[in-house]
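Participant: Let's see this in three dimensions:
(one chain, ligands or ions: 1)
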Amino acid sequence: MEKDFYGLVDIGGTKILAALIDGSRNMIFRHRQPTPAIPEPERVVENITGVIGEAFSKICPSGSVLAGLGICIAGLVDYDRGIVHQSPNLGWNRPVPLRSLFGEKLALPVFIENDANAAMLGEVHYGAARGHQNAAYITISTGIGCGLYLNGKLYRGAAGFAGELGHIKAFGKNRRCKCGGTDCLEAWASGNAIACSARLLFAHQVEQGIEINTAWVFDQAEAGSPPAKNIIDRALEDISTGLANLVTLLNPTCLVIGGGVVNERPAILAQIREGVFQLATRPSVQVTTLKIEPARLGSEAGIWGMYALLRERQEDKKE
Ligand SMILES: [Zn+2]
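Facilitator: Numbers count the residues shown, from 1 in each chain. Prediction:
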């Protein structure tokens, strides 16, 4: 009997996660590897097709069909055309026709999506935003990403660039952002931004050879360092402002917050929640029941979102 399998890949700045899931939602293969140091598009494509192809031929029984490949990636993605216009984390500053590159290697449907959009779909279908028709997914990690789900559909905007909450302005003064802009939310409130602020403020420790990263700043704040606490409070205030603006603008019923900075630090979520409820328009948090939930699918949210997307596309075709 023929059996469908789906190839799913999440391409991040530091790691690439690849998986195979069958038609009954069983993940039968999962592979995590570091992103190549020089992630040229052709090399990344060759690597992924190799990993997925080998796993498919080794694990799936004869007669199996690889029904589609869903790729999500940190960057500005034109979903309809399968083009990655910009991916600062991968150092891609020119448009990359990622779907065509995969099409040269594989004869199957390929879909390319922004990673936060994919995570939003994953959380709506299988995670913390189930049952919601108006929701947003926000990831706070090295950067700040966001996916929007409005009126029961992923909202991509005119060309796929909607939801770039990390690059709204203006926060702080005179700090460059990876996107090419200045004083984006991400430049002042992401994990990287927190570490960057601390390296400036704790210059003496840097001179002594102490490696200052995001976790170090949180540890210092917990140990009672007022400047470290100040950096974090300021970042969380900026995040709350950004999210409150989003709530005022879109009137969602659910915000799902994921990413390394928030995972395992539930106190942060409480602080963000308080800020959002203070700053958003009153009816949007008092008349509307707004839930602010931790993400449930962790680093696999994007994979599950691409799976949901592939299944939906397959159903569309049957109709
Ligand atoms: Zn930016």
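Participant: Tell me if Leu236 really is in a strand.
Facilitator: No: counting by DSSP: H, G, I helix; E, B strand; the rest coil, Leu236 is located in no strand; its state is helix.
Participant: these two touch, right, it and Gln271?
Facilitator: Yes: with contact defined as CB atoms under 8 Å, Leu236 and Gln271 form a contacting pair (5.0 Å). Glycine gets a C-beta too; all of them are placed from N, C-alpha and C.
Participant: Which one of these two is surrounded by more residues?
Facilitator: Applying other CB atoms under 10 Å to Leu236 and Gln271 shows that Leu236 carries more neighbours, namely 21 against 17.
Participant: Return every residue with contacts to both of Leu236 and Gln271.
Facilitator: Residues touching both Leu236 and Gln271 by CB atoms under 8 Å, 6 or more residues apart in numbering: none at all.
Participant: Next up, the contacts around Arg199.
Facilitator: By CB under 8 Å, 6+ apart, Arg199 lies in contact with 206, 212.
Participant: ok, it to Ala193 distance?
Facilitator: Distance, Arg199 to Ala193, by CB to CB, to the nearest Å: 11 Å.
Participant: Spell out which residues of this protein are next to the ion.
Facilitator: Counting by CB under 5 Å from the ion, the residues of the chain close to the ion are 167, 177, 179, 181, 184.
Participant: swap the cut-off to 8 Å and go again
Facilitator: Within the chain, the residues that sit near the ion (CB under 8 Å from the ion) are 164, 166-167, 169, 177-181, 184-187.
Participant: Buried members of these into ChimeraX, please.
Facilitator: Remark: buried members of those, expressed as a ChimeraX selection using 16 or more other CB atoms under 10 Å:
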select :164,166,167,177,178,179,184,185,186,187
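Participant: Next, format the residues of the chain next to the ion as TSV and append secondary structure.
Facilitator: Below are the residues of the chain next to the ion laid out as TSV (three-state DSSP):
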residue	secondary structure
Glu164	coil
Gly166	helix
His167	helix
Lys169	coil
Cys177	coil
Lys178	coil
Cys179	coil
Gly180	coil
Gly181	coil
Cys184	coil
Leu185	helix
Glu186	helix
Ala187	helix
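Participant: Check the gap between Pro88 and Ala301 for me.
Facilitator: To Ala301, Pro88 is 21 Å away according to CB to CB.
Participant: same thing with Thr35?
Facilitator: Taken as CB to CB, the span from Thr35 to Ala301 is 18 Å.
Participant: which stretches of the stretch 51-200 of the chain form strands?
Facilitator: Secondary structure of the stretch 51-200 of the chain (DSSP state E, counting those that start in this stretch): strands at 64-73, 76-78, 83-86, 110-114, 135-140, 144-150, 153-154.
Participant: Listing partners with orientation, what would you give for the longest one?
Facilitator: The reference is to strand 64-73. Strand 64-73 pairs in its sheet with strand 3-11 (parallel), strand 110-114 (parallel), by DSSP bridges.
Participant: As CSV, these with mean pLDDT would be great.
Facilitator: As requested, the strands paired with strand 64-73 are exported to CSV (pLDDT from 0 to 100):
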stretch, mean pLDDT
strand 3-11, 96
strand 110-114, 97
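Participant: can you redo these as CSV with mean neighbour count and distance to Val285?
Facilitator: Formatted as CSV, these follow (neighbours: other CB atoms under 10 Å; distance: least, CB to CB, whole Å):
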stretch, mean neighbour count, distance to Val285
strand 3-11, 24, 32
strand 110-114, 24, 27
